[in-house]
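[1] Need a 3D model of the following:
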Amino acid sequence: MKKHFPELEIDIEAMELPNHRPLANAVPSGAELQERVNILIVDDEEKNLTVLETVLDDPGYRLVRAGTADQALLALVQEEFALIVLYIHLPGMTGFELAHMIKQRKKTAGIPIIFLTAYYSENQHVLEGYETGAVDYLHKPVNATVLRSKVAVFVELHRKTRETALANQALFDEVLERRRVQDELIELNLDLERRVQERTSELLQANEALRESDRRKDEFLAMLGHELRNPLAPILNSIHILKLPAIKPELLQRTQEIIERQVRQMVRLVDDLLDVSRVMRGKVELRRELVEVAAVIARAVETVQPLIDAQGHRLEVSLPASSMILNADPLRLAQVVGNLLTNAAKYTEAKGTIKLNVYGEEDRCLIEVIDNGIGIRPEMLHSVFELFVQVDHSTTRSQGGLGIGLTLVKSLVEMHGGCVAAESDGLGKGSRFVVRLPREVDHSADDMYGGSEDDVSLSASSAFQVLVVDDNIDAATSLAALLQLHGHCVRVAHDGWSALELFDSLQPDVVFLDLGMPGIDGCEVANRMRQKSETSDVVLVALTGWGQEEDRRRTATAGFNLHLVKPPELQAVSRIFTTLADRRGSQ
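    Predicted structure coming up:
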């Protein structure tokens, strides 16, 4: 049976249709869906659209219908198409007009258009169709095979174009990525070069610093040998003199004074070395108390006065009219002032002038040492406080010194919460050192075991029972002997277990307890003593070489009342018995 569509003039039974599934079952696979391309078929007759769908049925095609020009334009806005099969004779707008509009839009201008017509067969119509942008112009009756072939060509062209575009985009993306990677490599290379230069500069500086440090170390060792040999010579000579028979009393006394003076010099050198070592390792513990600045100054001047007199210097001291109190370690603060005065005396030509001024400035105490000595080069002002730094000047070599005095000054001042600075207008123009210390008063030092600085007597109105515990036999015996000489009843133990036994029988008023003992340490012994109900009034005193804040917290937790760093100062021990005597007197 023949079915004839006069508009298209296509004989369905005569068509050479490709092998394909019935339309109802023509469901492409997922892979085919990804490969399908859109084809827009435009015709105002529903039956013609159906015929076109039948002719162009292919798993690789997705056919989109449009019955009017408006529907066609809407579809072109919403989707992308590989080809348009357009019937010319449309109501309201001809296919030529629609094609013209399609070609005017940038997005759709490149879509190929195949015109179908049964009426516009004259040459002028064909030319008009091509002028509007058509790629083909088919007259009816249309051969289905020809139509499929032409559509297949444009679809394949579309696919190739799309593949090429995708390949170009991938290539473009790859080029961009390579440029990005190249830029990153360039940036990384530049950064690496910069870091290498910085590191090289740092290493060069560090190497230079090491060389400078090594040079200072060599100078220090040479100076140390010189300083230690200097007193050894008179000491050795004095020993030879003492071996002589029938020495006159005057010579004997003078020889003894030489030995004592030179030994004190060696002790001072060793003390300085130990001090700077402890300071650099953070092992120095300040023993703060309320001190009068004038008393500290007097102690420092008394220490340095022999050196000042020997050089023929004139020392001018200016103190504030009113009392100035600091919360400081009096011995360490006197050491600071003494080192500054010693430095001024050494670096000032004979018969020079040294000024020591003390005055207040807002909440600070200023201690100023000024001399008219050799001065300091500008480039040395920031390094004079560094370890082993000395001014290389012939007039100072004979005065000795290890180049650590100002290092100690800076470290001790900073430990007190202050600062120190050096000033000089240059060589030959003298120098000025200024120490600034906070004047805030810390009343926490004035606790139940406080006392005046001069209260150093161990005697009390009545004797106390004392237990001394230390595995160091000499330390325990010497402290016990000192306490016994002042009238106290003292028992000694050299380990924790013996201490606990004596504690029960003696029931002491005060226990001096070493922390580092074999078997059971001092903290455990103190803890066990505190567990006894009758020990609430016993004063437990920790004796240890460790004096950091963490050590004090540990002994307080163990039950100690006081924490004394070895060797304990006589003044601190005295305050314990003074407080106990006052308690006993008030009961």
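[2] quick one: which helix or strand includes Ala422?
    In the assignment (DSSP states H and E), Ala422 maps to strand 419-423.
[3] Output the contacting helices and strands for whichever helix or strand comes after that strand.
    Per DSSP H and E, strand 419-423 leads on to strand 431-438 as the next helix or strand towards the C-terminus. Secondary structure elements in contact with strand 431-438, counted by 3 or more CB pairs under 8 Å, 6 or more residues apart in numbering; DSSP states H and E, are strand 325-328, helix 330-346, strand 364-371, helix 405-415, strand 419-423. All C-beta spots, glycine's among them, are computed from the backbone N, C-alpha and C.
[4] tell me the most buried of those?
    Mean neighbours per residue, mean count of other CB atoms under 10 Å, is largest over these for helix 330-346, with a mean of 23.
[5] got the angle for that one vs strand 419-423?
    10 degrees (axes from the mean of the first three to the mean of the last three CA atoms, to 10 degrees).
[6] which helices and strands does helix 330-346 pack with?
    Contact here means 3+ CB pairs under 8 Å, 6+ apart; on that basis helix 330-346 packs against strand 289-292, helix 293-311, strand 353-361, strand 364-371, helix 405-415, strand 431-438.
[7] next SSE after the last one?
    What that stands for is strand 431-438. Using DSSP H and E, the helix or strand that follows strand 431-438 towards the C-terminus is strand 465-469.
[8] Could you list the paired strands of that next one along with their orientation?
    Applying DSSP bridges, strand 465-469 is found paired with strand 489-493 (parallel), strand 510-514 (parallel).
[9] Could you single out the most deeply buried of the ones you listed?
    Between the strands paired with strand 465-469, the one whose residues have the most neighbours on average, counting mean count of other CB under 10 Å, is strand 510-514 (a mean of 26).
[10] so how far is it from its chain's centroid?
    Its chain's C-alpha centre and that of strand 510-514 lie 43 Å apart, by CA atoms, centre = their mean, to the nearest Å.
[11] re earlier: of all the helices and strands packed on helix 330-346, which one is nearest Phe154?
    helix 405-415 (89.0 Å; CB to CB).
[12] Quick one: list the elements packing against that closest one.
    The elements that helix 405-415 packs onto, with contact taken as 3+ CB pairs under 8 Å, 6+ apart, are helix 249-280, helix 330-346, strand 419-423, strand 431-438.
[13] Format the ones you listed as TSV; extra columns: distance to Leu185 and mean pLDDT.
    Output for the helices and strands packed on helix 405-415, formatted as TSV (distance: least, CB to CB, whole Å; pLDDT from 0 to 100):
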stretch	distance to Leu185	mean pLDDT
helix 249-280	47	75
helix 330-346	58	88
strand 419-423	50	91
strand 431-438	55	93
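[14] How about the contacts made by the closest residue to Glu414 other than its chain neighbours?
    Ranked by CB to CB, 6 or more residues apart in numbering and with sequence neighbours excluded, the top spatial neighbour of Glu414 is Val420, at 8.0 Å. With contact taken as CB atoms under 8 Å, 6 or more residues apart in numbering, Val420 is in contact with Phe385, Val409, Lys410, Val413, Glu414, Phe433, Val434, Val435, Arg436.
[15] could you dump the helices and strands packed on helix 405-415 to TSV with distance to Leu98?
    What follows is the helices and strands packed on helix 405-415, written out as TSV (distance: least, CB to CB, whole Å):
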stretch	distance to Leu98
helix 249-280	95
helix 330-346	102
strand 419-423	91
strand 431-438	94
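[16] Relative to Ile308, which of those is closest?
    Shortest separation from Ile308 across these is recorded for helix 330-346, at 5.2 Å, computed as CB to CB.
[17] just the CA coordinates of that closest one, formatted as CSV?
    Provided in CSV are the C-alpha atoms of helix 330-346 (Å, rounded to 0.1, in the frame of the first residue of the first chain):
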residue,chain,number,x,y,z
PRO,A,330,71.8,44.0,97.7
LEU,A,331,74.9,41.9,97.0
ARG,A,332,74.1,41.7,93.3
LEU,A,333,73.3,45.4,93.0
ALA,A,334,76.5,46.3,94.8
GLN,A,335,78.3,44.0,92.3
VAL,A,336,76.7,46.0,89.4
VAL,A,337,77.9,49.3,90.8
GLY,A,338,81.3,47.9,91.7
ASN,A,339,81.9,46.6,88.2
LEU,A,340,81.0,49.9,86.7
LEU,A,341,83.3,51.8,89.0
THR,A,342,86.1,49.2,88.3
ASN,A,343,85.6,49.6,84.6
ALA,A,344,85.8,53.4,84.9
ALA,A,345,89.0,53.2,87.1
LYS,A,346,90.7,50.8,84.6
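[18] Report the inter-axis angle for that helix versus helix 293-311.
    30 degrees.
[19] Tell me which helix or strand comes right after the strand or helix carrying Leu86.
    In this assignment (DSSP H and E), Leu86 forms part of strand 83-87. Past strand 83-87, heading to the C-terminal end, the next element that is a helix or strand (DSSP H and E) is helix 95-104.
[20] Which elements pack onto that next one?
    Counting contacts by 3+ CB pairs under 8 Å, 6+ apart, the secondary-structure elements packed against helix 95-104 are helix 69-78, strand 83-87, strand 113-117, helix 123-131.
[21] Can you tell me which of those is most buried?
    Burial among these, expressed as mean neighbours by mean count of other CB under 10 Å, is greatest for strand 83-87, which shows a mean of 26.
[22] strands paired with that one, and their directions?
    The strands that strand 83-87 pairs with in its sheet are strand 37-42 (parallel), strand 113-117 (parallel) (by DSSP bridges).
[23] worst average pLDDT in those?
    When the strands paired with strand 83-87 are compared on mean pLDDT, strand 113-117 scores lowest, with a mean of 86.
[24] Taking helix 95-104 as reference, get the angle to that strand.
    Here strand 113-117 runs at 170 degrees with respect to helix 95-104, directions being taken by the same axes, to 10 degrees.
[25] Run a quick neighbour tally on Gly110.
    Counted with other CB atoms under 10 Å, the neighbours of Gly110 add up to 11.
[26] pLDDT at it, what is it?
    The confidence metric pLDDT takes the value 86 at Gly110.
[27] Give me the three-state assignment for it.
    Under DSSP: H, G, I helix; E, B strand; the rest coil, the three-state class of Gly110 is coil.
[28] show me the residues around it that make contact.
    Counting by CB under 8 Å, 6+ apart, there are no residues that Gly110 touches.
[29] what about it, distance to Leu307?
    Spatial separation of Gly110 from Leu307 under the definition CB to CB, to the nearest Å is 103 Å.
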